[in-house]
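1. what's the 3D shape of this:
(2 chains)
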Amino acid sequence: EAGVVQSPRYKIIEKKQPVAFWCNPISGHNTLYWYLQNLGQGPELLIRYENEEAVDDSQLPKDRFSAERLKGVDSTLKIQPAELGDSAVYLCASSAGLAGVGEQFFGPGTRLTVL
Amino acid sequence: KQEVTQIPAALSVPEGENLVLNCSFTDSAIYNLQWFRQDPGKGLTSLLLIQSSQREQTSGRLNASLDKSSGRSTLYIAASQPGDSATYLCAALSGAGSYQLTFGKGTKLSVIP
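-> Just a heads-up that it's a prediction; the model follows:
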């Protein structure tokens, strides 16, 4: 069974440019999460989807970040415009069931460097 | 707000030694607690998940325990191997109604051959 797939694995951009990350969850997992992980820190939740609905986006900086999960499967996280402080690893995870209580499985992450 | 602390931040042991990693959390009203492993430049691999009603879970050489009342969990690794070298993160799921996984900063383990 394939795990959580993310692309690209690495991205280098200049500040003020837009960037997008893509995630394909484990088949059958209806809950999808985007996390941000800074160096030496644990991941922090940005947004949680249950099927197509964003049920928890309280920690998503909505002035520059946006996300979508069309058809309740793949998801895209976008930053526009990117700032130097956005350099980090962006992790996608998925779980079965709803309410965010299932065991979470993580993808390899996208390492973003903003110059 | 849930806070998760992991001690020590780094640990170096000789191969073959048994070791314990510690995790503490401030809000005992957790739904479950999960231990992960993270290799450099990689994502997180789930190791063990303990439901709030359970006291421990075992997988191979790994044993995780949970004491909700004291806000503590431990990950015991038996007969450590160089391949166990990685960062180990614990995460507590809490926040009834809008569950969120709160992570510690991790313990970086080095097993010396």
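
2. my guess is A:K15 meets A:A82, correct?
-> Yes: the pair A:K15 / A:A82 is scored as a contact, 6.0 Å apart, by Cβ atoms under 8 Å. In this view, the C-beta of every residue, glycine as well, is placed from N, C-alpha and C.

3. which one of the two has more residues nearby?
-> Taking other Cβ atoms under 10 Å in any protein chain shown, A:K15 and A:A82 do not tie; A:A82 has more neighbours (23 against 13).

4. that one against A:F21, yeah?
-> No: using Cβ under 8 Å, A:A82 is not in contact with A:F21; the gap is 11.5 Å.

5. which neighbours do those two share?
-> The contact sets of A:A82 and A:F21 overlap at A:L112 (Cβ atoms under 8 Å, 6 or more residues apart in numbering or on different chains).

6. quick one: A:E83 from A:L115, how far?
-> Separation of A:E83 from A:L115 (Cβ to Cβ, to the nearest Å): 11 Å.

7. okay, now the unreliable bits of chain A?
-> Applying pLDDT under 70 to chain A flags residues A:1.

8. what does it put close to chain B?
-> Contact residues (Cβ under 8 Å from any Cβ of the partner chain) of chain A with chain B: A:4, A:6, A:40-45, A:48, A:55-56, A:91, A:93, A:99-101, A:103-109, A:111.

9. from the residues you listed, which ones fall inside helices?
-> Using DSSP state H, no member of the residues of chain A next to chain B falls in helices.

10. got a ChimeraX select line for the buried ones in these?
-> To isolate the buried members of the residues of chain A next to chain B in ChimeraX, using 16 or more other Cβ atoms under 10 Å in any protein chain shown:
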select /A:4,6,42,43,44,45,48,56,91,93,100,101,104,105,106,107,108,109,111
